[in-house]
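Q: this is a predicted model, with the sequence first.
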Amino acid sequence: MPSDKTVRVGAFVFAIFFAFVVALGYMPGINGQPHVHHPGMSMEPGEHMLMGLYRISLLDDVTHGLSALLFLVAALHSARASRLALTAFGWYYAYDAIIYLVTGALQMKPLGENIGLNLPHVVISGIMLWLAYRGRTNIPSAMAVPA
């Protein structure tokens with residue numbers, strides 16, 4: 001089981017990471033306007049292409065910014081708050097990845113593109129949930145997944 005210090009450091013690292021992701025979106029030379037492939041399709045205010053790969057909306061920036069803030073508060077407060085934040089956001093970003101993977105498949109996006117676009121959330125949520133659950137012994141055996 002990760003120590004309390006490891007869990008708090010993990011939450012703090014995610015706070016820095018998400019703040020960096022938001023800041024990265026506003027660094028000139030790294031980003032551009034989204035490519036519009038369909039005539040008549042307009043861009044929303046605040047949208048940009050992060051590193052030319054990811055279409056980032058204002059909603060994404062707010063989500064990542066609030067994630068950074070809440071991870072920072074949790075890391076500064078306690079290991080228990082950090083573990084709660086890692087659990088909540090781990091499942092949130094995992095669910096987000098699943099939604100967009102399924103949506104991409106239904107929209108017939110190329111498999112490599114679909115996986116590539118969603119891989120960051122898959123990896124990030126995996127790390128969060130690993131930190132939150134690894135070695136937990138207080139999960140009731142009826143709810144535990146067999147090893």
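A: That came through, no problem. Only a predicted model underlies this, so the values are computations on that prediction, with no experimental measurement involved.
Q: touching, L24 and L50? I think so.
A: Yes - using C-beta atoms under 8 Å as the test, L24 is close enough to L50 to be in contact (6.5 Å). For glycine as for every other residue, the C-beta is placed from the backbone atoms N, C-alpha and C.
Q: looking at the two now, which is surrounded by more residues?
A: L50 (19 against 14; other C-beta atoms under 10 Å).
Q: quick check, pLDDT for the more buried one.
A: Note on L50: pLDDT of 73.
Q: now it: phi and psi?
A: phi -80, psi 120 (degrees, to the nearest 10).
Q: and the spatially closest residue to it that is not a sequence neighbour, what are its bridge partners?
A: Excluding the flanking residues, the one nearest L50 by C-beta to C-beta, 6 or more residues apart in numbering is I56, at 4.7 Å. As for beta bridges, I56 partners with H48 under DSSP bridges.
Q: just checking, I56 touches M49?
A: Yes - with contact defined as C-beta under 8 Å, I56 counts as touching M49 (7.3 Å).
Q: those two: who's more crowded?
A: Counted by other C-beta under 10 Å, I56 and M49 do not tie: I56 has more neighbours, with 21 against 16.
Q: what is the neighbour count of E113?
A: 10.
Q: now A81
A: 18.
Q: hey, which helix or strand in the chain has the poorest pLDDT?
A: Lowest by mean pLDDT, DSSP states H and E among the helices and strands of the chain is strand 31-32, with a mean of 62.
Q: doesn't T87 belong to a helix?
A: Yes - under DSSP: H, G, I helix; E, B strand; the rest coil, T87 sits within a helix.
Q: surely it and S125 touch.
A: No - judged on C-beta under 8 Å, T87 makes no contact with S125 at a distance of 10.6 Å.
Q: so those two - more neighbours on which side?
A: Taking other C-beta under 10 Å, T87 and S125 do not tie; S125 has more neighbours (21 against 15).
Q: the more buried one sits in which helix or strand?
A: helix 111-133 (DSSP states H and E).
Q: report the buried residues of that helix.
A: If you call a residue buried by 16 or more other C-beta atoms under 10 Å, then helix 111-133 has these buried ones: 114, 117-118, 121-122, 124-125, 127-129, 131-133.
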